[in-house]
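Asks: turn this into a model:
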Amino acid sequence: DDQSIYGWRGADVRNILNFEKDFNDAKILRLEENYRSSKYILNAANTLIANNKYRLGKSLKTSIETGEKINIVQAWDGLDEARKISTKIETLIKQGVNFDEIAVLVRAGYQTRLFEERFVHIGLPYKVVGVKFYERLEIRDALAYFRLLIQKSDDLAFERIINSPKRGIGPQTINFIKNYSRDKSKSLFNSIKDLVQTDEFRPGVKLTLKNFIKNYDIWEDDLTKISHVDLAMKILEESGYIQSLKVEKSLESEGRLENLKELVNAMSAFDNMIGFLEHIALVNDSDAEHKDGQISLMTLHAAKGLEFDVVFLPGWEEGLFPHQKSIEEKGQNGLEEERRLAYVGITRAKKKAIISFSMNRFYQGDWIDSMASRFIEELPEKNLEKNSFFDEETNNDDDFEFNQDFEIEEGTRSPGWIRYQKRIK
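Replies: Numbers count the residues shown, from 1 in each chain. Down below sits the predicted model:
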């Protein structure tokens, strides 16, 4: 019952909670001996999950006396959080920990981007359980829109987006455009510019292609008028791509929308769209087999049933974890499932668990203050070791883009920082 985390796909924890009532003769056996995690990790997990009202109740125990306290790390923002975690991983590797025994577990899929880019930047081998950020369908679609804007001869990009979202452009029409392109030695984009001047297509298809060309003419003009970040969002909106995901109203489409927002956030670290696309090409070329193993990067949901010597749990902030939407839609039940997810995350660790949160997040073009997750407050002090961003002796920001356009004034701190400092004192 404490690991029931799939309510979003129909699982109902009440099936377990009501088992005794539904089957009067059933006998409940509590399997409380844990052979994986150290006592500090289990004590913290037990204390956290005890805050749930709806549970059968059990307390995990272990005979493993060695281990380390759970480390709570505060970062300035998401970039700094990724830098801190990667630095700690490098230290662990030097101490003899294998890459395969390290995992970074995130609440939402879009959170993997910062870690993927950081690991590529400093050469840490990793694998994403699922699909890497820049290989996800919606991200590849968006990048194709951007690539075609920069290079009209990119036929692969054209083919990918001409009917994404659906525009009523069928295979027969696309094959006709390809044949014309081949005969005239022109790109697919320039070919449709010729063909819409003829009567080769049905009126509906012809109008759709004209609007497609018109949009690109407008966006090309916008390249010198608005920022590449604003232009990226404009393209995704005016192409109908974002709207097509909104009308789906599914958990999958909501995740894709979050990924697209994160993609636009990523562009803010670059001077222009060309620089960003060149960066993506380098990231995508970084795949290689690593004989020494790879760090596992995945969501908390995907981690259930797995175990690692060292587990990093970033993004423990209000609104992100627990996720605001879960609370808004399901109330107390949603909060308790989020807490069970936190319990699953902590208990994936065998020897060491590191929880981190950021004081600021860059979201949809703006910096927002973050507050440490209530789940951190619920962990027992005696099982924690706390580190502050401001107390660290070294700070290696030089090798990581730090793109904030305001200064830190002495005495001015975010709510997350204030809340965290109260716990330290």
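
Asks: use CA for all of it now, contacts and neighbours both
Replies: Fine.

Asks: wait, residue 64 touches residue 39, no?
Replies: Yes. Using Cα atoms under 8 Å, residue 64 is in contact with residue 39, at 6.5 Å.

Asks: these two: which has the busier surroundings?
Replies: Of the pair residue 64 and residue 39, residue 39 is the one with more neighbours under other Cα atoms under 10 Å, namely 23 against 15.

Asks: and the pLDDT for that one?
Replies: You'll see residue 39 listed with a pLDDT of 90.

Asks: and the one 5 residues further on, by the same measure?
Replies: Confidence at residue 44, expressed as pLDDT, is 94.

Asks: so who does it touch?
Replies: 70, 379, 380, 383 (Cα atoms under 8 Å, 6 or more residues apart in numbering).

Asks: so it, which state does it fall into?
Replies: helix (DSSP: H, G, I helix; E, B strand; the rest coil).

Asks: residue 83 too?
Replies: Here residue 83 is recorded as helix under three-state DSSP.

Asks: pretty sure it contacts residue 118?
Replies: Yes. Between residue 83 and residue 118 a contact is recorded at 7.0 Å, counting by Cα under 8 Å.

Asks: pull the CA atoms of stretch 133-141 into CSV?
Replies: Extracted in CSV, the C-alpha atoms of stretch 133-141 (Å, rounded to 0.1, in the frame of the first residue of the first chain):
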residue,chain,number,x,y,z
PHE,A,133,14.8,14.5,-23.8
TYR,A,134,15.9,15.6,-27.3
GLU,A,135,14.7,12.3,-28.8
ARG,A,136,11.1,12.6,-27.6
LEU,A,137,8.6,12.9,-30.4
GLU,A,138,7.3,16.4,-29.6
ILE,A,139,10.8,17.7,-29.1
ARG,A,140,12.0,16.3,-32.5
ASP,A,141,8.9,17.8,-34.1
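
Asks: and which of the contacts of residue 44 is nearest to residue 325?
Replies: Ranked by distance to residue 325 (Cα to Cα), these are led by residue 379 at 22.9 Å.

Asks: more crowded one of residue 83 and residue 118?
Replies: residue 83 (23 against 19).

Asks: could you report the distance from the more buried one to residue 143?
Replies: According to Cα to Cα, to the nearest Å, residue 83 stands 26 Å off from residue 143.

Asks: helices of the stretch 1-150 of the chain, start to end?
Replies: With DSSP state H, counting those that start in this stretch as the criterion, the stretch 1-150 of the chain has helices at 14-17, 19-22, 39-49, 78-94, 112-122, 137-150.

Asks: so which of these is nearest residue 231?
Replies: Per Cα to Cα, nearest to residue 231 of the helices of the stretch 1-150 of the chain: helix 137-150, 9.5 Å.

Asks: next SSE downstream of that closest one?
Replies: helix 155-161 (DSSP states H and E).

Asks: residues of that following helix that come out buried?
Replies: Judged by neighbour count (16 or more other Cα atoms under 10 Å), helix 155-161 contains these buried residues: 155, 157, 158, 161.

Asks: what's in contact with that helix?
Replies: 141, 144, 145, 147, 148, 187, 188, 189.

Asks: related to what we said a few turns ago, most surrounded residue in the contacts of residue 44?
Replies: Ranked by the number of neighbours (other Cα under 10 Å), the contacts of residue 44 place residue 70 first, at 24 neighbours.

Asks: which residues touch that residue?
Replies: Counting by Cα under 8 Å, 6+ apart, residue 70 has contacts 40, 41, 44, 352, 353, 354, 355, 383, 384, 385.

Asks: return the distance of it relative to residue 298.
Replies: For residue 70, the distance to residue 298 - Cα to Cα - is 20 Å.

Asks: all strands of the protein, in order?
Replies: Along the chain, the stretches classed as strands by DSSP state E are 70-75, 102-106, 126-128, 295-299, 308-313, 349-358, 360-363, 366-369, 384-387.

Asks: which elements pack onto the fifth one?
Replies: If contacts are counted by 3 or more Cα pairs under 8 Å, 6 or more residues apart in numbering; DSSP states H and E, strand 308-313 sits against strand 102-106, helix 324-346, strand 349-358.

Asks: what angle separates the first one from helix 324-346?
Replies: Interaxial angle of strand 102-106 relative to helix 324-346 (axes from the mean of the first three to the mean of the last three Cα atoms, to 10 degrees): 160 degrees.

Asks: what packs against strand 102-106?
Replies: Under the contact definition 3+ Cα pairs under 8 Å, 6+ apart, strand 102-106 sits against strand 295-299, helix 300-303, strand 308-313.

Asks: what comes up buried for the second one?
Replies: Applying a neighbour-count criterion of 16+ other Cα under 10 Å, the buried positions in helix 300-303 are 300, 301, 303.

Asks: mind listing what the last one touches?
Replies: Residues in contact with residue 303 (Cα under 8 Å, 6+ apart) are 105, 345, 348.

Asks: including pLDDT and distance to residue 127, could the residues you listed go into CSV?
Replies: Below are the contacts of residue 303 laid out as CSV (pLDDT from 0 to 100; distance: Cα to Cα, whole Å):
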residue, pLDDT, distance to residue 127
105, 98, 12
345, 96, 18
348, 95, 17
